[in-house]
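Chemist: no letters, just coordinates:
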């Protein structure tokens, strides 16, 4: 189970992040960072984000 707060990686497609109903922007950004660090640690590959984050996550 790969989740941070209410944000989880989809079980159907690993490239999708699902809001279970309670995810904040901060949860989503934290999950993305967790995924990036895990891939780097396990495979030595630095992922490149396609998503552009606009603004700041303030927990809202």
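Modeler: Good, I have the coordinates. Predicted model, so just to flag it, every value in this text is computed and none were measured.

Chemist: pull out the buried positions in stretch 17-27.
Modeler: 17-18, 23-24, 26-27 (16 or more other Cβ atoms under 10 Å). Quick note: C-beta positions are derived from backbone N, CA and C, even for glycine.

Chemist: end to end on it, go ahead and measure it.
Modeler: Start-to-end span of stretch 17-27 (Cα to Cα, to the nearest Å) is 10 Å.

Chemist: which other residues reach stretch 4-15?
Modeler: If you take Cβ atoms under 8 Å, 6 or more residues apart in numbering as the criterion, stretch 4-15 is touched by 1-3, 16-24, 26-28, 30-31, 34-35.

Chemist: returning to what we had before: can you put the buried residues of stretch 17-27 in TSV and add pLDDT and distance to residue 49?
Modeler: Converted to TSV, these look like this (pLDDT from 0 to 100; distance: Cβ to Cβ, whole Å):
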residue	pLDDT	distance to residue 49
17	96	12
18	97	18
23	97	18
24	95	18
26	94	16
27	96	16
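
Chemist: can you tell me which of the residues you listed are in helices?
Modeler: Counting by DSSP state H, these place 26-27 in helices.

Chemist: confidence score at the residue of the chain positioned farthest from its centre?
Modeler: Here the chain reaches farthest from its C-alpha mean at residue 44, the gap being 18.4 Å by Cα atoms, centre = their mean. If you check residue 44, the pLDDT there is 98.
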